[in-house]
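**Student:** build me a structure from this.
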Amino acid sequence: MDQRAASREKSNTPRIGPDRLSDATLYDRLGDEPAVGAVVDEFYDRVSADERVAHHFEDVDTSAQRSHQTTLLSAVTGGPMGYEGDDMETAHEGLAITDAEFGAIAGRLDAALREFDVDGADREAVMEAVEGFRDDVVAE
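**Tutor:** Alright, predicted model coming up:
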């Protein structure tokens, strides 16, 4: 067992995986808020270590951003939390995010989902939802 997996085992972080009920929402299958929050934490750890995109998060309140992202991921996966932030275009206006940077950030989310053993179909559904934001996030 690698160190990261051992750490999850010790901390009792909810595991995400295919053992959820098939008629549950994607949010339920991911493991509800604690598991979604754990994926978001892993995602931001990966993003902050990625020199291609970390600069976009240097002056960001990471605690607030992680909470905000957990709410957004909950909302797009059918969870109970409603997203009340700015629309994606307004939220990312002036950040000059390139298509390549969007791809790198999305790749970090995919890697975080894989880290928590999210099954292929559910991971694909999350990534499809994220892809739907590309035009609003990427600067023209």
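
**Student:** helices of this structure, start to end?
**Tutor:** For the chain, the helices defined by DSSP state H occupy 3-11, 26-30, 32-48, 62-76, 88-92, 99-115, 120-131, 134-137.

**Student:** export those helices as TSV, with columns for mean neighbour count.
**Tutor:** C-beta here means a position set from N, CA and C on the backbone, and glycine is covered the same way. Shown next, in TSV, are the helices of the chain (neighbours: other CB atoms under 10 Å):
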stretch	mean neighbour count
helix 3-11	11
helix 26-30	21
helix 32-48	20
helix 62-76	17
helix 88-92	14
helix 99-115	17
helix 120-131	15
helix 134-137	14
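
**Student:** nearest to Ala54, out of those?
**Tutor:** Ala54 lies closest to helix 32-48 among the helices of the chain, at 5.3 Å (CB to CB).

**Student:** just how off-centre is that closest one within its chain?
**Tutor:** Relative to the mean C-alpha coordinate of its chain, helix 32-48 is positioned 6 Å out (CA atoms, centre = their mean, to the nearest Å).

**Student:** returning to that earlier point: format the helices of the chain as JSON lines; extra columns: mean pLDDT.
**Tutor:** Formatted as JSON lines, those follow (pLDDT from 0 to 100):
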{"stretch": "helix 3-11", "mean pLDDT": "40"}
{"stretch": "helix 26-30", "mean pLDDT": "89"}
{"stretch": "helix 32-48", "mean pLDDT": "94"}
{"stretch": "helix 62-76", "mean pLDDT": "90"}
{"stretch": "helix 88-92", "mean pLDDT": "89"}
{"stretch": "helix 99-115", "mean pLDDT": "97"}
{"stretch": "helix 120-131", "mean pLDDT": "93"}
{"stretch": "helix 134-137", "mean pLDDT": "95"}
